[in-house]
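**Student:** structure, please.
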Amino acid sequence: MRQFRCFLYVWLACAGTCLADATGEPTVLTYGTYQWYVIVRGEKYGIRLKDTANPNRLTDDDEWFVIFSDETSGHETYGAGRFLSVDRPDSSGITFIDFNKAYNPPCAFTEFATCPLPPAQNKLSVPILAGERAYGVH
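**Tutor:** As a prediction, this is how the structure comes out:
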């Protein structure tokens with residue numbers, strides 16, 4: 001697997017201000033060459049990410065490895081963050097992030113393991129109330 005290096009921290013930066021895109025016009029957030037398309041359907045949000053500088057940059061890996069933290073880190077979930085595998089985008093560049101599959105790193109279970117920390121870009125400013133919860137103190 002390869003580390004997924006897109007910046008997840010912008011997703012839902014417009015929470016409460018994004019408009020429903022029933023007309024097919026999602027809210028677009030931009031940071032550098034990255035564009036997040038925030039798709040709102042009722043109370044559900046979907047995110048589509050594009051890197052305009054590298055539109056076709058894909059790996060041969062079927063899954064990408066993501067390290068992230070969020071507002072639950074250190075409270076309801078492991079403090080250093082969680083891991084997640086994301087399917088490689090399809091031919092149209094779309095993938096889905098299923099946070100229900102987020103899991104604790106090995107260092108959540110033993111003091112003898114070392115784990116990478118999420119980069120600043122992957123520290124989400126919203127709580128992700130899905131996936132594996134805090135295991136306890138080791």
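**Student:** going by C-alpha atoms from here, please, whenever you check contacts or count neighbours.
**Tutor:** Noted.
**Student:** roughly how far apart are residue 51 and residue 67?
**Tutor:** Counting by CA to CA, to the nearest Å, the gap from residue 51 to residue 67 is 19 Å.
**Student:** correction: the previous question concerned residue 111.
**Tutor:** Separation of residue 111 from residue 67 (CA to CA): 19 Å.
**Student:** about what we covered before: pick out whichever of residue 51 and residue 67 has more residues nearby.
**Tutor:** residue 67 (24 against 16; other CA atoms under 10 Å).
**Student:** that one contacts residue 83, correct?
**Tutor:** Yes - contact criterion CA atoms under 8 Å: residue 67 and residue 83 qualify, at 4.7 Å.
**Student:** list the buried residues for stretch 90-108?
**Tutor:** 99, 102-105, 108 (16 or more other CA atoms under 10 Å).
**Student:** ok now it, how far from the chain's centre?
**Tutor:** 7 Å (CA atoms, centre = their mean, to the nearest Å).
**Student:** can you tell me the distance between the two ends of it?
**Tutor:** In stretch 90-108, first residue to last residue: 33 Å (CA to CA).
**Student:** what sits up against it?
**Tutor:** Contacts to stretch 90-108, defined as CA atoms under 8 Å, 6 or more residues apart in numbering, come from residues 48-50, 78, 81-89, 113-115, 128, 130-136, 138.
**Student:** go again using 6 Å as the cut-off
**Tutor:** With contact meaning CA atoms under 6 Å, 6 or more residues apart in numbering, stretch 90-108 is reached by 82-84, 86, 89, 113-115, 130-132.
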